[in-house]
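In: need a 3D model of the following:
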Amino acid sequence: MKLKVTDISNKAVGEVEIDDAVFADIFGRTVRKDILARAVNWQLAKRRAGTHKTKEIGEISGTTKKPYSQKGTGNARQGSLRSPQFRGGATIFGPVVRSHAHDLPKKVRKLALKHALSAKHKDGKLIVWGETKANGKTKELVGQFKKLGWNSVLVIDGPEVNEQFARAARNIPNVDVLPQQGANVYDILRRDTLVLTKGAMEHLVERLK
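Out: Okay, the predicted model is just below:
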């Protein structure tokens, strides 16, 4: 399978050839939303701070004295004003400080990345560039993206991101730039267009085949 390689001006600069079986495995899968959802939930769960907290009864300030006698008042028996039924009382089974991270098998993570790449290729949103080039000027890069009709883009570069290109893209809304080792399901799906440099494409194929 051959994919056209273009430059930032959308001019053809060559081709990248991938074995048909490998291409079908990585870019030609029938997209499974359940696999993608598992990977996205796994990624976002790791990002959660988990700093939510409510006070349990041992943390509520106040007296430990019994409010009134057990019997003879005509009211329900009460043992403490710090109980949850009273205003300012404790919260039962409330959230506590914890980690929301959970495990996801490596095979599922790898499979999800394949499905994310397949989804972009199926939608015609997968672009391969020879390299990332820019002079560091945000205005010019915005103009080039506008000519291409791109409003939401993820650019995955080689092992090290081109510094001039990253500087130009830094202040553009809905434009992300990542090194090849940072390719992940969530960032691929959250942007409309996926741009891979030739080096990033070769790295992903080697990583996933």
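In: spatially central, which residue of the chain would that be?
Out: What sits nearest the mean C-alpha location of the chain, by CA atoms, centre = their mean, is residue 186, with 3.1 Å.
In: that one against residue 39, yeah?
Out: Yes. In this structure residue 186 lies within contact range of residue 39 using CB atoms under 8 Å: 7.4 Å. Yep, even glycine has a C-beta here, placed from its N, CA and C like the rest.
In: ok, longest helix in the chain?
Out: Longest helix of the chain, by residue count under DSSP state H: helix 106-122.
In: where's the residue of the chain positioned farthest from its centre relative to residue 85, distance?
Out: Within the chain, residue 72 marks the point farthest from the mean C-alpha position, 61.1 Å out by CA atoms, centre = their mean. Distance of residue 72 to residue 85, computed by CB to CB, to the nearest Å: 20 Å.
In: next: residue 98.
Out: Plainly put, residue 98 is 26 Å away from residue 85 if you go by CB to CB.
In: residue contacts, the residue nearest to residue 82 when sequence neighbours are not counted?
Out: Spatial nearest neighbour of residue 82, chain neighbours left out: residue 60 (4.2 Å); criterion: CB to CB, 6 or more residues apart in numbering. Neighbour list for residue 60: 82, 88, 89, 90 [criterion: CB atoms under 8 Å, 6 or more residues apart in numbering].
In: which pair in these has the greatest spatial separation?
Out: Using CB to CB, the pair of the contacts of residue 60 lying farthest apart is 88 and 90, separated by 9.1 Å.
In: tell me which of the two has more neighbours.
Out: Taking other CB atoms under 10 Å, residue 88 and residue 90 do not tie; residue 90 has more neighbours (18 against 10).
In: give the contact list for the residue nearest to the more buried one when sequence neighbours are not counted.
Out: Residue nearest to residue 90 in three dimensions, not counting chain neighbours: residue 57, with 3.8 Å by CB to CB, 6+ apart. Going by CB under 8 Å, 6+ apart, residue 57 touches 80, 82, 83, 84, 89, 90.
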